[in-house]
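Undergrad: Any chance you could fold what I've pasted below:
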Amino acid sequence: MTRIAVVTGANQGLGFALVRGLAARLLPEDLVLLTGRDAGRVASAGAAGAAGPAARSRGEGGV
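TA: A predicted model of the protein is given here:
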C-alpha cells in the first residue's frame, strides 16, 4: 500500500528537514508531496528531496 505525506512550507527550514527525513524513512513506492508559496523554490526543494534513497518527492507551489 502506497503512503502519501503532505508537507506544507516545505521549501526551507523545518519543512524541508521534514521532507528529507520522510524521504529517507519511507519506501520507494511512497510519495512525499511538498507545498509552499513560491512555486520555483518548492520545485527546487522537491528535486533536492528526491535525492533521498527511498520515497519519491514532488513539489507543488504557488498561491
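Undergrad: Let me see the ranges of the strands in the chain.
TA: Applying DSSP state E to the chain gives strands spanning 4-7, 31-36, 56-61.
Undergrad: buried ones in the first one?
TA: Neighbour counts over strand 4-7 (16 or more other Cβ atoms under 10 Å) mark 5, 7 as buried. C-beta: built from backbone N, CA, C; applies to glycine.
Undergrad: list the helices and strands the helix ranked longest in the chain packs on?
TA: The helix that spans the most residues within the chain, counting by DSSP state H, is helix 13-25. The contact analysis (3 or more Cβ pairs under 8 Å, 6 or more residues apart in numbering; DSSP states H and E) places helix 13-25 against strand 4-7, strand 31-36, helix 39-49.
Undergrad: show me where pLDDT drops low in this protein?
TA: The chain contains residues with pLDDT under 70 at 49-63.
Undergrad: can you rerun that using 50?
TA: For the chain, applying pLDDT under 50 flags the ranges 63.
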